[in-house]
Every structure is written in structure tokens, then in C-alpha cells.
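Undergrad: got a predicted structure plus its sequence, pasted below:
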Amino acid sequence: MSPPSARTSDAADAPAGTVAPLSQYVLKLTSRCDLSCDHCYVYEHPDQSWRRQPRLMTPGTVEATARRIAEHAAAHRLDAVRVVLHGGEPLLAGAARIAAAAVTLRRAVGPVARLDLRMQSNGVLLTPEIADVLVTHDIGVGISLDGDRSANDRHRRYANGTSSHDQVRRALALLRRPEYRSIYAGLLCTVDLANDPIRVYRALLAEDPPRIDFLLPHANWDRPPARPDGAVTPYADWLLTIHRAWLADGQPVPIRLLESLLATATGGSTGTEAVGLAPVDLVVVETDGTFEQVDSLKSAFHGAAATGLDVFRHRVDEAAAHPGIAVRQSGLAGLCATCRSCPLVRRCGGGLLAHRYRTGTGFDNPSAYCADLAALIRATAAPADPQTDRSADTLPPAVLDDLGSGRGSAESVAHLTAVHHGITRALTVALSPAATADPVAAAGWRLLVDLDVSAPDAVDRVLGHPFVRRWAQRCRAGATGELSHLAAVAAAAAVRAGVDVDLVLPVRAGAVHLPTLGAIVVDAGADTVPVVISGGVVELRAGRRRVRVRPAVEPNPDRWQPTRAVHTDGGTVLLEDTDPYRDCFDLAVASRLSPAVADRWTRQVQRAVHRLDTEAVGYAAGVRALLRAVVPLRPDPSGRSRSAAARSAFGAVAVTPVVDDAALAVLLVHEVQHLKLDAVLDVCELFDPADARRLRVPWRDDPRPVEGALHGVYAHLAVADVWRHRPGSAAAAHFRRYREWTDGAVDALLDLGSLTVDGERFVRRLRATLDDWR
Ligand code: SF4
Ligand code: SF4
């Protein structure tokens, strides 16, 4: 087919910066396939546009496409571009055309951006000759395989109904050979509920792939997913069966969908459009050179993917500006009202666009897999028992309203605590593959997984300690030398559970640290020390020396530095002066307190918490429910009372020595507000994170980012409320000052236009609290 010729335009024409750039291209080298899979979205779904496409992309079309990609990458200064050779079946193009396409693309794009060249294939035609071409041109190849023979034969057959399984496995055996291993990019498996998930998982693992991805079968509200026997979330159940086996196996291979779910739990990006809110910057080029939207839209209706644009007449910028492509880069704003108000939206992202389609409302709907996505998201934050909804990464509207008032009941804070637990668990799970390379950490991981089944409360108690999340975040950020602390986390849980176990624990700063319990001082020199835990007694074996401590009864004051518990009316707070990860504030933490100093702190914390019932009405229950640890800080050189909280240490407030319990009460309320808001922000988008504008606020000379202003408002409102309940003219003056600060900044936030729907609702609740005081 000759190109639909018209003018071409120069890169200089490109309105760089007016559209979000596209960095991923699917190139249809062929429009036909040698298989006839009955679940294929290209041939078996409503869109039949493949019928008018030329069978092969001509060299001229490849050339024009390559020029368009290069001019777009140059105009937008893209560092890297990914091109996936696709079809139909791209291997039908033959070795010579594939090689020529690779040369053309690398010649055009290479001088401008790094080109990541891939191919997605059914593998049937893969031969050593073609594999040599793929190696020569550095083209990674992903193969579609639905599981073992019976699973694969269910759909992936030739037109005459015969199996393609042998041919695909032959291709995979080829890719496992050392000379081709570098181009083996992974397996793509379409979920079918009729297949046994474990057999599918094991069959995929047996092919030794570098990566696996699962695809939900394409469906929408007009053609809903099959739900045999009326099951509510069968797709989530199917995938979660694999998730459990995968965790138990120590995550032997990356599984993109499951890793993406974990990534969304920890605020990371997903690398897949199946979940999450990351922009989808992809366009398809058909064999005739027409730009199309993502292929899966073909499952919605005939012409759903069309743009009316092509590489000969239109720049990539014009394709990027097409409403169907641009909307997929717009995050939250591109979703329907139901998704936008859904508490899971940041992790779900509404699922694949194709799955949202319904006649009449188009794509303005939640996913037809909504229930499955929600179940998957809720379950994948827990390591050993994903069915248990402990992540609780949702904030019901009533909870958001309660917290938005500035106050916050114990029940509302329990939701935030569950969010923190979910994140800590997800972070810990995410460390498990790296932990397998460290024998100390690996043993700790195995113990933790066992305890999570046999003694989940003990595991929860330790994972809920403020500084376990901080440790996990450090490891995720690259501090892999600290992975061995996982064994200390497991050991603390074992002591709490009364489980007998032999372990090796890391030594840090001359001590073995057991989160929530305390530190055992050891002789200098060793990095690790063998430990026997039996009946709640911990015995360290360093050479011939034996150190025995019984954390519950403190029999060994020389060696054992227990974390002291401060019993307040209604709860227990740890006076944390040993945990090595407590050093996460901008201020210097105090070292181990002497018994006399610790006694003074204990009494002051008790009295400060007691004051809250009369001075911080509406806050006291929430503070008690949230506060897990008080971290003594070193005195401030200026003599000022200082306090701090850290997002990575939910439940901990750090304080310098203060003059009296009245001052401490104010600081506790102030910092707990920061912790509450941080936990809300962990699961709920209150403002546009891309908005870099700053606001003038009354309490600082320098303008603050939106998040900083929101934090200030939230903390100062609570402090104002404490002063409001204290007698005397000085208290009244403090109240007026904090109220005025809050008043002005609340209005500025509401006027800025950066708040999301939830954010505006939240800040309007703060406004209502302030108005009630008038
Ligand atoms: S191999 Fe892929 S393109 Fe070919 S029929 Fe099967 S699903 Fe469709
Ligand atoms: S869970 Fe459902 S409602 Fe929530 S974002 Fe996902 S598709 Fe939308």
C-alpha cells in the first residue's frame, strides 16, 4: 500500500512541551497471525480493522515511523524510547524484514535517544536463524504462553484446532540457550479461570523466564468477565493463589502485575497500565502507518482504537494530543467520578482503559474488573495471609471527615494505623527477594513468614513498631547492608510469641537490637552473633561467653537495655532510647537514659497524656490510639523546647526535655497531627502533587509548598484548640494567634485550586471547625 501522502513537518514545528511526550511505540510489522487464538483481541473481538490493513509494514512505513519517533524524542529531549515489534505475529515478517526494521529504527533514533527494542511473539516461528538476528540487533523477545499444555491448548491453537504448545516450548528452549539468553525478555500469560492457577504458575516457572506478566482476559461492561458460579472476585482469587505460592517460593521471578500491586502499596510507580495512576505514554503504529491507541481497545467496539492520524502526515505530538491518548496521561482527572472518589484509586487507577467501556457512557466507568481489582489491592499488602484485610488502605468518607475536622477519634486513628501496618508489611515483603541473598536476613524472613501464620499478633506488634517501616524504607532505598535487621524483627516477634528458635542476629553499635523489646549489649568486634530463643529467654553465644536475658523480667541489667514502657491511663507508650532506626528526625536523639532520667520522662509523659482529656477534647482518644513511642531528643542548644515527627515512623513523637507536662502535652498534640496527616496522605490524594506553587503562610517567612501549608494548618488548628481549653489571658492570646494563623492559611489553600475533591472536602471540614469557634 502506498503511503497516504501529504506534507511532512519538521521537528521545529513540534510544539514541544504542549503535550505530554510519548516514549513507547508498538510497531505492527504484520497484521496477520499464524495462530488463531479464540481470546485474541486483534481478530476475535468487535474491532475488525485488521482486515483492511496491509499484511506487512513496508520499509517506507518503517522509515517514516522511525523519523517520527526520532523527531519527537529530540523535540522532547527524551533519554530513552521503547519500540515493541508486534503484530499479528511479528515473526511472520521474516528475518530480513526484522533486521531491516531494526537497522532503520536504530539509525534514526539512536543519535537522539537510547532505543530499547523489543518484540512480543507467539514464538511458533522462532528459529536459530531468526534468534541470531534478534541477538545481532539486540531485540528482546517476550513470548505468550498460557501455562501447561492443557492450559495453553484452551485458546492458543492453529486455525485447524491443533496445539501450538510444542512449537512454543521449542522456542523457549532456544531462548534458554546461553547464546540467546540475553534476548529472552519474559512470558505473557492470559488468565483463564478454567486453568488451575498453581499448575499455570509452575509451568511458567519451568520455562525459567526472566519475568512473567499476567493479563486479565479482555472484557468490559457490555461483555462482562465470566464469573462462574456467581463468584464475586474469581480473578482476584485466581491471581492471589499464585501470589501466595510466589511469596512462599521467595519471589523466584519478577511477576509484573504482583510487583506493581506491591509498588502501588508503597507509593512506587508500576510500570504497567493495568494498575496505578502512572501516565500511559504509548501509541500504536499499524502496518499502513496509521497511529492507533492501545490495541486492547479493539475489544470495546469497531474503530475504538482509531485516531485518524498517520506517520506520513502527522507528528507524534499530534497523536499524543489525540483525546483518547492524552486522557491516559492525565491520571486522576481522566477517570470517572466513581473512580475519582474511590479510596483505592491511587493504587488501582481504574484498571485498563479497555475494561471500562460500556455502550452509552463510553469509557467513563470503573473497570468491569472493579471488584477483583479492589480485592487484589487489599490483599497484596500482607505477606503470608493475603486474604486478611489488614492493609486497610482505604479511608471511608466518614473517617476522612472526622480527621478533616482536625480532631480524630480512636476509630479513625485505627484506620490510619492499619494503613501504616499495610505499608510496613508491603515494604517488608518487597525486601524478601533481596533478603534471600543474605543468609542472616533469609533465615529471618523464613521465621517471620512462619510466625505470621502461627503468631500473627506478635508479628503485627513488631511490624507496628514505628521504626520497622523506617528500616524497611532504608533498605528499599539501597541500604542493603541493613537487610539482616529482618532477623532481629523476626526474633522480637519470636520472643513475643514464646517460640523456640536458633538464629543469627546482626550486631549494631555494640548491641543486638530487638524492636519493641530493647537492646542486648555484646562484646565489640562481631558483626553477627548466634542466638538461641527459648521460652522467651534470649541467649547470645559469643565465643565461650553466654549472655542470657529474659526480656519480660529484666534479669540482666548490665547487658540488657529494655525499652521502657510508660503506662498511661488507657494505654502504653514506649520510651524509645535504644532502637537504631529512631534516628530519623532532623534533631539529634538522646542516647540511653539513666534510670533517674527515664523516671522523670515517664512521669512527665503520663501527666501530659492525662492532661489531654481536659485540654485536648476531641484529640485525646486519637492521641492515645496513635502514640506508640516517645523518643527523647538531646536538649536544644538554645534551650527551646523542640519536637519532631517523621512520615516513615508512624506512632513516634520525638521531644527535647521540656519544662513541664503542659508544654509536653502541646508538643504531643502538635506532632500527632503531623502523623495523622502523613498517614492520610499515604492513601489519599488531597492535592495535586505536580503543583509546585508555594503559598505565603503567617507562621513562616518563606512561602510553603501545598503539603507544607496543609501540615502547618492541621497542626496549628489542634494547638489552637488546646490553648482554647486552657484558662488565663496568656492562653487566650496563644489561642488567638494560632487560630489566626490557621484561618488565613485555610483560606489560601481553598483559593489555590490545587486541592483534589477529597482535599477540598478535608480542608472545608477544617474551615467548619474554625467557624464553630467564632
Ligand atoms: S498469537 Fe497473538 S496475535 Fe496471534 S492469534 Fe494468538 S493472541 Fe492473536
Ligand atoms: S477499585 Fe473500582 S472504583 Fe476503585 S479505582 Fe479501581 S475500578 Fe475504580
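TA: Sure thing, it's come through. Numbers count the residues shown, from 1 in each chain. Ligands and ions are numbered 1, 2, ... in the order given.
Undergrad: what helix or strand does the residue nearest the centre of the chain sit in?
TA: Centroid-nearest residue in the chain, with C-alpha atoms, centre = their mean: residue 264, separated by 2.1 Å. For residue 264, the element it lies in under DSSP states H and E is helix 256-265.
Undergrad: helix or strand right after the least confident helix or strand in the chain by mean pLDDT?
TA: In the chain, no helix or strand scores lower on mean pLDDT, DSSP states H and E than strand 545-549, which sits at a mean of 71. Counting by DSSP H and E, the next helix or strand C-terminal to strand 545-549 is strand 560-562.
Undergrad: what helices or strands is that next one leaning on?
TA: If you count contacts as 3 or more C-beta pairs under 8 Å, 6 or more residues apart in numbering; DSSP states H and E, strand 560-562 packs onto strand 518-521. All C-beta spots, glycine's among them, are computed from the backbone N, C-alpha and C.
Undergrad: the strand it packs on pairs with which strands?
TA: Strand 518-521 has the following sheet partners, assigned by DSSP bridges: strand 511-514 (antiparallel), strand 560-562 (antiparallel).
Undergrad: let's have the ones you listed in TSV, adding mean pLDDT.
TA: Output for the strands paired with strand 518-521, formatted as TSV (pLDDT from 0 to 100):
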stretch	mean pLDDT
strand 511-514	93
strand 560-562	88
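Undergrad: same list (the ones you listed) but as CSV, adding mean neighbour count and distance to ligand 2.
TA: Formatted as CSV, the strands paired with strand 518-521 follow (neighbours: other C-beta atoms under 10 Å; distance: least, C-beta to the nearest ligand atom, whole Å):
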stretch, mean neighbour count, distance to ligand 2
strand 511-514, 25, 39
strand 560-562, 20, 44
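Undergrad: out of those, which gets nearest to residue 126?
TA: strand 511-514 (52.9 Å; C-beta to C-beta).
Undergrad: for that closest one, give me every contacting residue.
TA: 485, 488, 491-492, 495, 505-506, 519-522, 529, 531, 538, 540, 551, 561, 578-580 (C-beta atoms under 8 Å, 6 or more residues apart in numbering).
Undergrad: could you export it as CSV, CA atoms only?
TA: The C-alpha coordinates for strand 511-514 follow below in CSV (Å, rounded to 0.1, in the frame of the first residue of the first chain):
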residue,chain,number,x,y,z
ALA,A,511,24.3,-4.3,70.6
VAL,A,512,21.7,-6.7,69.3
HIS,A,513,18.5,-4.7,68.8
LEU,A,514,15.1,-6.4,69.2
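Undergrad: look up how far residue 676 lies from the nearest residue to residue 617 once chain neighbours are set aside.
TA: Distances taken as C-beta to C-beta, 6 or more residues apart in numbering put residue 725 closest to residue 617, at 6.5 Å, once the chain neighbours are dropped. Plainly put, residue 725 is 19 Å away from residue 676 if you go by C-beta to C-beta, to the nearest Å.
Undergrad: select the longest helix from the protein.
TA: If each helix of the chain is counted by residues according to DSSP state H, the longest one is helix 410-435.
Undergrad: following that one, which helix or strand shows up next?
TA: helix 439-454.
Undergrad: relative orientation of that next one and helix 410-435 in degrees?
TA: 140 degrees (axes from the mean of the first three to the mean of the last three C-alpha atoms, to 10 degrees).
Undergrad: from the chain's centroid, how far away is stretch 250-261?
TA: 12 Å (C-alpha atoms, centre = their mean, to the nearest Å).
Undergrad: buried ones in that stretch?
TA: 251, 253, 255, 256, 257, 258, 259, 260, 261 (16 or more other C-beta atoms under 10 Å).
Undergrad: any low-confidence regions in the stretch 351-500 of the chain?
TA: 381-394 (pLDDT under 70).
Undergrad: so what's the residue count around the residue of it found nearest ligand 1?
TA: Closest contact between the stretch 351-500 of the chain and ligand 1, by C-beta to the nearest ligand atom, is at residue 354 (14.6 Å). For residue 354, the count of nearby residues is 26 (other C-beta atoms under 10 Å).
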